[in-house]
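Novice: starting from these lines, generate the structure:
(one chain, ligands or ions: 2)
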Amino acid sequence: MNGLELANQIAIKKIVGDITSVEVVNLQQDSRKVTPGTAFFCVDGEYVDGHHYADKAAESGAVLFIASKDISSKVGDIPVIYVNDVKHIMAKLANHFYDYPSSKLNMIGVTGTNGKTTVTHLIEWIYRKNNQDTGIIGTIYRKVKDQIYPTINTTPDPLIMHETLNEMVKEQVSMCACEVSSHALFQGRIWGVDFNTAVFTNLTPDHLETHKTMEEYGTVKSLLFAQLGNTLKNGKARFGVINLDDPFAEKLIYRTSAELITYSLVDESAHFFAKNMKFFTDKTTFDLVANGEVFAVELPLVGDFNVANTLAAIAASFVNGIQIQDAVTALASFEGVSGRMQGIENDLGIQAIVDYAHTPDGLEKLIGTLKKLDYKKLMIMIGHDGGNRDNSIRPALGKLSLDNADYVVFTSVNPRNEDPTKIMTEMVADHKGENYEFVIDRKEAIYRMVELAEAGDLIVFCGKGHESLQHLDGVSIPFNEAEYVRQALAEKSETLKGINHE
Ligand SMILES: CC(=O)N[C@H]1[C@@H](OP(=O)(O)OP(=O)(O)OC[C@H]2O[C@@H](n3ccc(=O)[nH]c3=O)[C@H](O)[C@@H]2O)O[C@H](CO)[C@@H](O)[C@@H]1O[C@H](C)C(=O)N[C@@H](C)C(=O)N[C@H](CCC(=O)O)C(=O)O
Ligand SMILES: Nc1ncnc2c1ncn2[C@@H]1O[C@H](COP(=O)(O)OP(=O)(O)OP(=O)(O)O)[C@@H](O)[C@H]1O
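Specialist: Ligands and ions are numbered 1, 2, ... in the order given. From the prediction side, this is the model:
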């Protein structure tokens, strides 16, 4: 794309150098990824200032710069477009460069403290089973049909976002389910993404290191709904799907012009209402009351929060053209999401579950679900993220575990540069009992849990879920929670067989 065409998208700017002969073939904000023909955005970030890397970008072949501070000494004759807010302009130009891909897709955005990954996967499953090609953008990966791309962020920056959406358009994906994190909303990563439908799951304390107050956190979350806009998209209405059981729903209602669809586990007036919920070890059944009909749902997931997630997914699919019965039929074979209530098979008679619960609300819901299962002893392994994270939730995570489990093994979740023992000590503040221990090394903690467990026990590994890395002391080491749990159980089984054999 010609440099002038990019510049023409910006109203207020100062152009230095000749951009008419510049051909841009790539957009980048990271100097380490610049290739010849790149337009480089100098982003003043949370940690470093991208303007400092302009010379590196120039050396790697950048042909155009977008900056807010003077970089003439670093880039020589290479043209620069100076603007006030590089991040804003980056979102705008990325959208133009990739030819507004979100406008060509059915975009369903899911926001909320918990449930985003689960809801996007439920929606994906419904569409796939109804013979549509799908895309996912979220915490675990970016996925275009079956092609998986790694991700650093739940919601990527605008360059990766629009590039991924463009890939989906090229692959003729019809629906993209996209997790929208509060950080992304706060930092404008989804500016210009044209959503058809916004889904809200819940709002509970998390990320207060960034948002400071729940009021501010809620305001940020509601941006997804506000940004749905006032107009139709390709002649189609926009919808907001909201969880009526969350007190924040009341506020969201006034922050969007989209038609609102509600779901609830308790309020019969909701458009999508679940009743007669029955919980089994491996599934949940309920009656879905929607659109004047009752549908019998059999869901291979446990937990009432997953019923709520399912209502959200069915509602979002329905307003975008999938019949309710077709969605219900599809969900009967749902295979689950990695690291979310993931059962680990073993021959020891131990029920082992890996789950991503890492907020007090998520943990409370998880424990509520666990309590409905049959077991002898309940043991929980839990920790809390270190460094620059919202440490105010540590005592709540500790107390919930200690009050409900027979035994708790505290361990590390990405301690980063913080002392793991200090984190664990904050989690057990004020607890008088002795039903716990600290094991700093997470893999050792897994083995300790398995060592302590006996047939009939329920052992639950919280907070890591699908994550494939453990961040400690400035390094990231590969980590596979489900695999380590599987290994620990298998080794214990072998040891016991050996003993019995002797
Ligand atoms: C604190 C934070 O949100 N940081 C995000 C932010 O980075 P930043 O702009 O501050 O980056 P920076 O490191 O200061 O660098 C500034 C600029 O210099 C550039 N640079 C840097 C080094 C270099 O050698 N060359 C170079 O060009 C960088 O590419 C960048 O453009 O913008 C980046 C691009 O969009 C994000 O990847 C990055 O997310 C980091 C990895 C992160 O951990 N974010 C968390 C807080 C987050 O966003 N989490 C939510 C999910 C939360 C949840 O629900 O659990 C998410 O959506 O991921
Ligand atoms: N609707 C819900 N309400 C409360 N807790 C939930 C809900 N759905 C899932 N959880 C719990 O939260 C954990 C994370 O679920 P999920 O990954 O779907 O949420 P998320 O919003 O994507 O989280 P994150 O953005 O932090 O990755 C699950 O393992 C489960 O314990």
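
Novice: contacts, neighbours, all on C-alpha from now
Specialist: Fine.

Novice: excluding chain neighbours, what is closest to the residue positioned nearest the centre of the chain?
Specialist: Closest residue to the average C-alpha location of the chain: Thr139 at 3.9 Å, with Cα atoms, centre = their mean. Nearest residue to Thr139, sequence neighbours excluded (Cα to Cα, 6 or more residues apart in numbering): Thr154, at 3.9 Å.

Novice: rewinding a little: was I right about the residue nearest to the centre of the chain contacting Glu179?
Specialist: Yes: counting by Cα atoms under 8 Å, Thr139 does reach Glu179; the two are 7.5 Å apart.

Novice: now the common contact residues for those two.
Specialist: Shared contacts of Thr139 and Glu179 (Cα atoms under 8 Å, 6 or more residues apart in numbering): Thr117, Thr154, Thr155.

Novice: check these against ligand 1, which are close?
Specialist: Checking the shared contacts of Thr139 and Glu179 against ligand 1 by Cα under 6 Å from any ligand atom, the ones in range are Thr154, Thr155.

Novice: reformat the shared contacts of Thr139 and Glu179 as JSON lines; add pLDDT and neighbour count.
Specialist: Listed next are the shared contacts of Thr139 and Glu179 as JSON lines, based on pLDDT from 0 to 100; neighbours: other Cα atoms under 10 Å:
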{"residue": "Thr117", "pLDDT": "94", "neighbour count": "24"}
{"residue": "Thr154", "pLDDT": "93", "neighbour count": "21"}
{"residue": "Thr155", "pLDDT": "96", "neighbour count": "24"}
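
Novice: wait, what's in contact with Ala249?
Specialist: Ile242, Asn243.

Novice: and Leu458, what are its bridge partners?
Specialist: Residues in a beta bridge with Leu458, per DSSP bridges, are Gln351, Leu378.

Novice: what number of residues lie near it?
Specialist: Neighbourhood size, Leu458 [other Cα atoms under 10 Å]: 22.

Novice: ranges for the helices of the stretch 401-502 of the chain?
Specialist: Ranges of helices within the stretch 401-502 of the chain are 420-427, 442-452, 481-501, based on DSSP state H, counting those that start in this stretch.

Novice: and of the ones you listed, who's closest to Phe97?
Specialist: helix 481-501 (39.8 Å; Cα to Cα).

Novice: touching ligand 2 at all, the closest one?
Specialist: No: using Cα under 6 Å from any ligand atom, helix 481-501 stays clear of ligand 2, with a minimum separation of 13.1 Å.

Novice: which residues are in contact with that helix?
Specialist: Outside of helix 481-501, the residues within contact range by Cα under 8 Å, 6+ apart are 339, 344-348, 354, 443, 446-447, 450-451, 464-468.

Novice: go again with 10 Å.
Specialist: 338-339, 342-348, 350, 352-355, 442-444, 446-451, 453, 461-469, 480, 502 (Cα atoms under 10 Å, 6 or more residues apart in numbering).

Novice: what subset of the residues you listed is buried?
Specialist: 338-339, 342-343, 346, 348, 350, 352-355, 442-443, 446-450, 453, 461-467, 469, 480 (16 or more other Cα atoms under 10 Å).

Novice: low pLDDT regions in this protein?
Specialist: 205-212, 281, 387-388, 500-502 (pLDDT under 70).

Novice: could you list the domains of it?
Specialist: As recorded under automatic domain parsing, the domains making up the chain are 3-97, 101-331, 342-501.

Novice: let's have the helices of the stretch 401-502 of the chain in a markdown table, adding distance to ligand 1.
Specialist: Putting those into a markdown table (distance: least, Cα to the nearest ligand atom, whole Å) gives the following:
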| stretch | distance to ligand 1 |
| --- | --- |
| helix 420-427 | 18 |
| helix 442-452 | 20 |
| helix 481-501 | 18 |
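
Novice: of those helices, which approaches Ser103 most closely?
Specialist: helix 481-501 (38.4 Å).

Novice: so the closest one versus helix 442-452, what angle?
Specialist: 40 degrees (axes from the mean of the first three to the mean of the last three Cα atoms, to 10 degrees).

Novice: next, the buried residues of helix 481-501.
Specialist: By 16+ other Cα under 10 Å, the buried positions in helix 481-501 come out as Glu481, Ala482, Tyr484, Val485, Arg486, Gln487, Ala488, Leu489, Ala490, Lys492.
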